[in-house]
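Asker: Would you be able to build a 3D model of this:
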Amino acid sequence: MKTNKVIVVLVLLLVSVFSFAQGGKKLDKIIKRDYQIIECTIAKMSDKTVEYSLPGETLQISLDVSQIARIDFASGRSQIFDVSASTAPSNNVATNSSDQVISSADMKPNTIAVLPIPFLNSATQESSEEMAKFAQNDIYNKLLDKSANIFPLTVQDLRVTNSLLHKAGIDYKNIDETPIEDLQKILGVDNIIASKVSYTITEGSTASTYNSGNAKVSNDNKKLKTNDYSTTNTSTQTYYNYMVYFDMYKNNTKIYSQSRKPFLNIKDSWVDAISYLLKRSPIYVKR
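Answerer: Below is the predicted model:
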């Protein structure tokens, strides 16, 4: 009789330990775009759906990735879902899931990244990929040249920045549509420079007139003859009307936001405006 009681006690003890272990198990968290949080165990993922089961259940539920903002796995890893990639036209969608699921990079404190800079003609609404990369590279080089003035910040290599953005399906065309919080997670930095250049091009004409002539006096000193010549030259001048917008973020918070119109209307005057704004930003210290 005593033996039976001991067996019953041991069985109940094992059941309670097993239940405790199950209850203490870490779960995955699905954060939906409507801010609903689902604690579950994820069984399967594809580029279209995520299959999961609720605690204590074996039934698997399927959820479309377009409804998911982020997944926090029990392991500590997070993945951000880019809705623009999943809804893009078929000819722009990559076949692998890495273009649709954004993985968070390891966070590197005191690191700053320079985003591609939209270079937009506000009159035609046309943007230039070449100028976007050129402007991004210009700020990047300025930061490297002035590394002593921005210490202790380290500038993220431009190739690393653009590679991580490319994997996430982000470029100069949609960079403004991506939240800074997502960009910081994608790049693994706690500081970001986000700038934009808007411009219009106008033309003006200037005319210059040159006069030349000679005079003749008759023998009787009374009659005066003159021959006058006039030449007019017209030249066309191109004017570049820039407006530079310069924003800086630290830990998802905007710490600096300024805009500046260059003093001169020449082709590359936007470069001087960016230099001016950068030197007056919170990260720049005169040494």
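Asker: any idea how far Leu183 is from Ile80?
Answerer: 10 Å (C-beta to C-beta, to the nearest Å). All C-beta atoms are positioned from the backbone trio N, CA, C, and that covers glycine.
Asker: between these two, which one's more packed in?
Answerer: Of the pair Leu183 and Ile80, Leu183 is the one with more neighbours under other C-beta atoms under 10 Å, namely 23 against 19.
Asker: Skip the chain neighbours and tell me the closest residue to that one.
Answerer: Ile192 (6.1 Å; C-beta to C-beta, 6 or more residues apart in numbering).
Asker: so who does that neighbour touch?
Answerer: Ile112, Ala113, Val114, Leu115, Ile180, Leu183, Gln184, Met248, Tyr249 (C-beta atoms under 8 Å, 6 or more residues apart in numbering).
Asker: what's the helix or strand for it?
Answerer: Ile192 belongs to strand 189-217 when assigned by DSSP states H and E.
Asker: thinking again about what came up before, just grab the bridge partners of the residue nearest to Leu183 for me.
Answerer: With DSSP bridges applied, Ile192 shows beta-bridge pairing to Ala113, Tyr249.
Asker: One more: Ser235?
Answerer: Thr206.
Asker: how close does it sit to Gly204?
Answerer: 10 Å.
Asker: ditto for Ala105
Answerer: 49 Å.
Asker: more neighbours, the two?
Answerer: Comparing Ala105 with Gly204 by neighbour count (other C-beta under 10 Å), the higher total belongs to Ala105, at 17 against 10.
Asker: so who does the nearest residue to the more buried one once chain neighbours are set aside touch?
Answerer: Computed as C-beta to C-beta, 6+ apart, the closest residue to Ala105 that is not its neighbour in sequence is Gly188, at 3.1 Å. By C-beta under 8 Å, 6+ apart, Gly188 lies in contact with Ser104, Ala105, Asp106, Met107, Lys108, Thr111, Leu164.
Asker: For Gly188, grab phi and psi.
Answerer: phi 70, psi 30 (degrees, to the nearest 10).
Asker: Test my guess that Asn241 contacts Asn265.
Answerer: Yes. Taking C-beta atoms under 8 Å as the definition, Asn241 is a contact partner of Asn265 at 5.9 Å.
Asker: So which residues of the stretch 151-287 of the chain form strands?
Answerer: For the stretch 151-287 of the chain, applying DSSP state E, counting those that start in this stretch gives strands covering 154-155, 189-217, 224-250, 253-260.
Asker: quick one on the thing from earlier: tell me the pLDDT of the residue nearest to Ala105.
Answerer: pLDDT for Gly188: 93.
Asker: Can you list the low-confidence ranges for the stretch 151-287 of the chain?
Answerer: 205-232 (pLDDT under 70).
Asker: swap in the stretch 1-150 of the chain?
Answerer: 1-24, 34-35, 82-103.
Asker: Could you pick out the buried ones from the contacts of Ile192?
Answerer: Ile112, Ala113, Val114, Leu115, Ile180, Leu183, Gln184, Met248, Tyr249 (16 or more other C-beta atoms under 10 Å).
Asker: Output stretch 247-257 in PDB with nothing but the alpha carbons.
Answerer: Taking Å, rounded to 0.1, in the frame of the first residue of the first chain, the C-alpha atoms of stretch 247-257 are listed here in PDB:
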ATOM      1  CA  ASP A 247      18.300  65.400 -40.700                       C
ATOM      2  CA  MET A 248      20.200  63.500 -38.100                       C
ATOM      3  CA  TYR A 249      18.800  60.700 -35.800                       C
ATOM      4  CA  LYS A 250      20.100  59.000 -32.700                       C
ATOM      5  CA  ASN A 251      18.400  56.000 -31.300                       C
ATOM      6  CA  ASN A 252      15.300  56.600 -33.400                       C
ATOM      7  CA  THR A 253      15.000  60.200 -32.200                       C
ATOM      8  CA  LYS A 254      15.600  63.200 -34.500                       C
ATOM      9  CA  ILE A 255      18.300  65.300 -32.900                       C
ATOM     10  CA  TYR A 256      19.000  67.800 -35.700                       C
ATOM     11  CA  SER A 257      16.900  69.000 -38.600                       C
END
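Asker: Just the buried positions in that stretch, please.
Answerer: Buried residues in stretch 247-257 (16+ other C-beta under 10 Å): Asp247, Met248, Tyr249, Lys250, Tyr256.
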